[in-house]
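[1] Provided below are the primary sequence and the corresponding predicted coordinates.
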Amino acid sequence: MLDSLSINKRAAILSIAMLVVGLLIWEAAIPAQKAVGELTEYERLTGGGAQKAGVPPPSQVIAKAWAELSNPFYDAGPNDKGIGIQIGYSIYRVLTGYFLAALVAIPLGFLIGMSQIAYKAFNPFIQVLRPISPLAWMPLALFIIQDSEASAIFVIFVCSIWPMLLNTAFGVAGVRKDWVNVARTHELGPLKTAFTVILPAAAPTIVTGMRISIGIAWLVIVAAEMLVGGTGIGYYVWNEWNNLDLTSVIFSILMIGVVGMLLDSAFGVLQRAVAYAE
Amino acid sequence: MAKPFLSIERLTQHYPDGQGGTMTVFENASFGIEKGEFVCILGHSGCGKSTIMNILAGLAEPSSGVVKMDGFEVSGPSLDRGVVFQNYSLLPWLSALKNVTFGVKARHPDWSVEQVEAHARDYLAKVGLEGDVVHRKPSQLSGGMRQRVSIARAFANQPKLLLLDEPFGALDALTRGTIQEELIKVWAGTEQTVFMITHDIDEAILLADRILLMTNGPFARVAESVEITIPRPRTRTEIVEHPNYYAIRNHLVHFLGQRSKELAGKQSDDADQRPETVRIDKTTAEDEPSAPPPLRAVND
C-alpha cells in the first residue's frame, strides 16, 4: 500500500511516526509523582510530599503551548507578557540590526568585490574581526552606547555583517567578464552596470550570504537578550528558568526553532526568486 | 588614396612572456575595411585574431597603433561597434526578448517601452524567433537559438560596425548552416559593415566579400586579402558549383596549411604590414584559354 504513495507522502508519514514515538517515549520516561497518601510517615516528615521540580511531560508542554498561543499578545506587567510580544521584540531587534548591517555590508561588499586594492586593504580587518564572538562586543557596546536595547541591536549588526560582506564581495568579484563586456559594449555607466548587470549576476551569492546572516542573527539574539534582559524571547527563556517553570522553557525553545525556520524559509523564497541557470 | 571607412593603422600588440621579456603577437598590422563590406579573418589559434577583435571593440588597448572609424580614432567600447561573442554572452537572468531590449534601451534611451519591445521583436523575428520562444531564458534555449538572440541583439542596435567573434564556433554543423543563412539574410537587409573571426573556410567563403589571412604568431601579420569573386546572393548548395569556389578554397587551404607557417615570425623592420590583395577569378581566366592554342596547331 505504501508503494503507491509519492516519496513526499511517505516521508511525511515517517516524520509523523517519529514525532509520535518520540513524544510517547518522553511521556513514559517522566516518573509520576507519588500521591501523599502512599508516602511513609518518614518520607512526609522529610518533605517528600512537596511538589518536585522535574522535566514536564509533553502533554503539559502542549497544554501550555495551547494556552500561550491562544492569547499571545497579553501584557500583564514587565515579567508577564504574551509569547507573541516577546517574539515580536526579538524579531524587531534582529531585523533592525540585520538591515543596518545589510546597508553597510552590501555596498561595501560591492566595493571590495570590484576593486583588488579595496579587497587587499580591507581583508586583514575582516579576517581579525570576523571570528570574534558577537557577544564579546556586549560589554564594550553597553559601556559606549549606554543603552541595553541599542547594544543588543549592535550585537546583531556585528554578527550579521560578515557573511553578507564576504558573500557580496565574492559574488561581485566572480561576475563573468563576458557580462561586464556586454555592459561595456552597450556604453552603460558604472552605476547602470552595477544595477543591471552585476547586481542580478551576483544576487544568488549575495542572498545566500543574507540567509546565513539571518540564521546567525537569530542564534545570537537569544543569548544577547539573556544578557540585557527586559524583553524578548531570550529574556523569556531565562526568566522562566529563574521561575523554574520548565514547561515554559521547553515551549519557548520550540518557538525559537519555529521562528528561526520561518525566517530562513523567507530567505529561501528570495533565493529562488533571484536564482538563474546558466 | 581615400581612407577606408575603418582603417587599422600600424597596430602592434606585445605581451609579457612571463620571463621578463616581451612577446610580440603582431606588429604594425595595417588594413582597411570599406563601408558595407563583410570581411572575415582566418588564421590559426594564437595569431592574435581575437586581440584585433577586442581592440576594434574597444575592450582592449593595443600596445601601439590606432584604429580609425569614419576618420575618428576609436577609444573604448561604443554602441557604434556591436559585438557578438563566441559564447553568446546573453544575460542568463533575462528572457530572450529582455536580452534584446536590454541593448535597444541602451541605444535608444528616449524610446517608449512599447517602441523598444516592438523593435526587439522585429529583429528576433528576422532570425526566426517568434511567439512564446522569446519569453524563454537562455538556459531553456538551444545553442543555436541563443546565438540567434545574440545576433538579434547586435543587429537591433544598428551599429556602424558589427564584430563577430567566431559566432558559430560552438554550434554543430547543421545548426551552423541554418544560422549562417539567417545571418546573410539579416545582413543583406541592413548593409552593415561586418568584421568576423572564423576558423571555418567554407563559412568564410559563403559569407565574406573579402577574407583576410593571418600568418602564425608571434610576429603574425595579415598577409593576404583574398577577394571572394562569387556573386551574391549565395547559398551553401550553389556556391560549390561556382568555378571560383574550389580555386579560392584551395588557395585558402594551402595558405593555412603551409604558407602561414613559412611566412611566420618575420619582424616588420618598422614597415607597414599591409596585406597583399589576391584576386582569383576563373570565370574570366577560363575564357581566354578556351580560344585553345592546341587547335591552332592542328589548323596549321
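    Nice, I can see it. Residues are numbered from 1 along each chain as shown, chains lettered A, B, ... in the order given.

[2] ok, the residue of the stretch 201-300 of chain B at minimum distance from chain A - contacts?
    Closest residue of the stretch 201-300 of chain B to chain A, C-beta to the nearest C-beta: residue B:207 (21.5 Å). Using the backbone N, CA and C atoms, a C-beta is placed for each residue, glycine as well. Counting by C-beta atoms under 8 Å, 6 or more residues apart in numbering or on different chains, residue B:207 touches B:38, B:40, B:180, B:183-184, B:196, B:198.

[3] and those near chain A, which?
    By C-beta under 8 Å from any C-beta of the partner chain, no member of the contacts of residue B:207 lies near chain A.

[4] hmm, which two among those are most spread apart?
    B:184 and B:198 (13.8 Å; C-beta to C-beta).

[5] more neighbours, the two?
    residue B:198 (23 against 18; other C-beta atoms under 10 Å in any protein chain shown).

[6] you'd agree the more buried one is up against residue B:38?
    No. Applying C-beta atoms under 8 Å, one finds residue B:198 not in contact with residue B:38, separated by 11.4 Å.

[7] and residue 223, what does it touch?
    All of this refers to chain A. A:135, A:234.

[8] to clarify, I was referring to chain B.
    B:213-215, B:255, B:259-260, B:263, B:275-276.

[9] again, but for residue B:225
    Each residue near residue B:225 by C-beta under 8 Å, 6+ apart is listed here: B:31, B:210-213, B:275-278.

[10] CSV for those residues, including secondary structure and distance to chain A?
    CSV is the format used below for the contacts of residue B:225 (DSSP: H, G, I helix; E, B strand; the rest coil; distance: C-beta to the nearest C-beta, whole Å):
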residue, secondary structure, distance to chain A
B:31, strand, 22
B:210, strand, 24
B:211, strand, 25
B:212, strand, 22
B:213, strand, 27
B:275, coil, 27
B:276, strand, 32
B:277, strand, 31
B:278, strand, 32
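
[11] so how do I select the buried members of those in ChimeraX?
    A single ChimeraX command selects the buried members of these (16 or more other C-beta atoms under 10 Å in any protein chain shown):
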select /B:31,210,211,212,213,275,278
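
[12] turn the contacts of residue B:225 into a markdown table, columns for pLDDT.
    As requested, these are exported to a markdown table (pLDDT from 0 to 100):
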| residue | pLDDT |
| --- | --- |
| B:31 | 89 |
| B:210 | 92 |
| B:211 | 92 |
| B:212 | 91 |
| B:213 | 90 |
| B:275 | 82 |
| B:276 | 81 |
| B:277 | 83 |
| B:278 | 82 |
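
[13] adding distance to residue B:138, write the contacts of residue B:225 out as TSV.
    Formatted as TSV, the contacts of residue B:225 follow (distance: C-beta to C-beta, whole Å):
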residue	distance to residue B:138
B:31	35
B:210	33
B:211	31
B:212	31
B:213	34
B:275	37
B:276	42
B:277	41
B:278	40
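
[14] quick one: which of the contacts of residue B:225 is nearest residue A:178?
    So of the contacts of residue B:225, ranked by how close each gets to residue A:178 (C-beta to C-beta), first place is residue B:212, at 24.9 Å.
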